[in-house]
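Colleague: The following comprises the amino acid sequence and a computationally predicted model.
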Amino acid sequence: MRKMWIGLALLALGGCGAPAPRATTSDADPALWVVRDADTTIYLFGTVHMLKPGLSWFDDGVKAAFDASDELVLELVMPPQAEMQALVQELGMTRAGPTLPEQLPPAEAAKFRAALPEMGLAPEALDRAEPWLAATMLSAAPLRQLGYDDKDGAEAVLTAAAQRAGKKIAGLETAREQLGYFDRLPMPAQRALLVETLDDLPNAGATIDRMVASWGKGDAEGIARLMNEDLGHSPELAKALLVTRNAKWANWLRQRMAAPGTVFVAVGAGHLAGPAGLQAELARRGLKAERVKY
């Protein structure tokens, strides 16, 4: 679903919002897969970029697989904040042409300007933003207000654990590559994404709650259904953010299987769900991803 693709831009902009409320710990058991041959083991774990505190998921089979691994591989390793902000400015802002509200239907332009003060921004703060950037920023705001935070997200937890253990940390993409997937979307698709984001803002909390509930139960089919609800009507977005990247990552995984060792690969949970998931791409390359029971 679209909310699963917002993590990068959220982190890039460095917004934190109010501190998340203290939460009672609850158990979650996200899905985990493994690909093996004689001397190589690759675990595949689906992440959620923003979570609430108090969700106990980094334990049991997930922790055992992580501890057994020599290396953590993420979608990307975040660059320093200043470098990331410079990339956002370069790829996500423009100096020429009509302002962003001028590109929207009047009713949506009004919604857009009204939403910005709720993020602590002036109504004209994103006038020069490209639609994809505005959409990702707007997607984050209601989630932060509900206590979701990238600091509690799976990538942050895994990265901290890898650093403590002295494990190598690598990325499948660079920040420029990942932002580029959004930036290269045709402008009509970008504007449609923004309009849909504005229309969905009242439902954002319920949507992310449904996704996290499916994730915590290890329900990959449930995640796939949510993905289809959100991306099924936008083939350009699905191809850019899901299909193309899964094919690229499957090629990387096939090559990595040629070298010995144990690797823990953590990517957005949507990449490991449905017929376009990474497991299907691996199967097309002769590799079988098996669900880990724990």
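Modeller: That came through, no problem. Numbering: from 1, shown residues only.
Colleague: Please make it C-alpha for all contacts and neighbour counts, starting now.
Modeller: OK.
Colleague: Which stretches in the stretch 151-294 of the chain count as strands?
Modeller: Assigned by DSSP state E, counting those that start in this stretch, the strands in the stretch 151-294 of the chain fall at 168-171, 261-268, 290-291.
Colleague: Ok, which of those strands comes nearest D149?
Modeller: strand 261-268 (15.3 Å; Cα to Cα).
Colleague: Off-centre distance for stretch 67-76?
Modeller: 17 Å (Cα atoms, centre = their mean, to the nearest Å).
Colleague: what's the answer for stretch 255-262, then?
Modeller: 25 Å.
Colleague: Then stretch 49-60?
Modeller: On Cα atoms, centre = their mean, the centre of stretch 49-60 falls 15 Å from that of its chain.
Colleague: What residues sit buried inside it?
Modeller: For stretch 49-60, burial by neighbour count (16 or more other Cα atoms under 10 Å) applies to H49, M50, L51, K52, P53, L55, W57, F58.
Colleague: and of those residues, the nearest to R113?
Modeller: M50 (25.0 Å).
Colleague: Check the closest one and give its pLDDT.
Modeller: You'll see M50 listed with a pLDDT of 92.
Colleague: For G270, see how far away L241 is.
Modeller: Distance, L241 to G270, by Cα to Cα, to the nearest Å: 10 Å.
Colleague: The two: which is more packed in?
Modeller: Neighbours around L241 and G270, counted as other Cα atoms under 10 Å, are more numerous at G270. The numbers are 25 against 19.
Colleague: Skipping adjacent residues, who's closest to L100 in space?
Modeller: Nearest residue to L100, sequence neighbours excluded (Cα to Cα, 6 or more residues apart in numbering): D127, at 5.1 Å.
Colleague: and that neighbour, what is it in contact with?
Modeller: T99, L100, P101 (Cα atoms under 8 Å, 6 or more residues apart in numbering).
Colleague: Kindly indicate the member of those residues with the most neighbours.
Modeller: Tallying neighbours with other Cα under 10 Å puts P101 at the head of these, with 21 neighbours.
Colleague: was I right about that residue contacting F112?
Modeller: Yes - between P101 and F112 a contact is recorded at 7.2 Å, counting by Cα atoms under 8 Å.
Colleague: looking at it, A269 is touching L44, isn't it?
Modeller: No - at 9.7 Å, A269 does not count as touching L44 under the criterion of Cα under 8 Å.
Colleague: How about the contacts made by G277?
Modeller: G277 is in contact with V243, N246, G270, H271, counting by Cα under 8 Å, 6+ apart.
Colleague: Quick check: it vs A31, distance?
Modeller: 13 Å.
Colleague: show me what contacts D27?
Modeller: By Cα under 8 Å, 6+ apart, D27 lies in contact with L55, S56, W57, G216.
Colleague: wait, D29 sits on G216?
Modeller: Yes - D29 is within contact range of G216, at 5.2 Å (criterion: Cα under 8 Å).
Colleague: what do these two both touch?
Modeller: Joint contacts of D29 and G216 (Cα under 8 Å, 6+ apart) are W57.
Colleague: contacting residues around the residue nearest to G222 when sequence neighbours are not counted?
Modeller: Closest residue to G222 in three dimensions, ignoring its sequence neighbours and counting by Cα to Cα, 6+ apart: S214, at 5.8 Å. Residues near S214 by Cα under 8 Å, 6+ apart: A220, G222, I223.
Colleague: Number of residues surrounding L87?
Modeller: L87 has 17 nearby residues by other Cα under 10 Å.
Colleague: Next step: the contacts of S214 restricted to helices.
Modeller: Taking DSSP state H as the definition of helices, the contacts of S214 contribute A220, G222, I223.
Colleague: Poorly predicted segments of the stretch 1-150 of the chain, please.
Modeller: The stretch 1-150 of the chain contains residues with pLDDT under 70 at 1-24.
Colleague: and with 90 instead?
Modeller: Along the stretch 1-150 of the chain, the parts satisfying pLDDT under 90 run over 1-25, 118-121, 139-146.
Colleague: confidence score at A273?
Modeller: Reported pLDDT for A273: 91.
Colleague: Would you agree it is in contact with G218?
Modeller: No - contact criterion Cα under 8 Å: A273 and G218 do not qualify, at 10.6 Å.
Colleague: gap between the residue in the chain sticking out farthest from the centre and L76?
Modeller: What lies farthest from the middle of the chain is A38; by Cα atoms, centre = their mean that is 31.9 Å. Distance from A38 to L76, counting by Cα to Cα: 28 Å.
Colleague: Which of A273 and G218 has more residues huddled nearby?
Modeller: Ranked by neighbour count (other Cα under 10 Å), A273 and G218 place A273 first, with 22 against 18.
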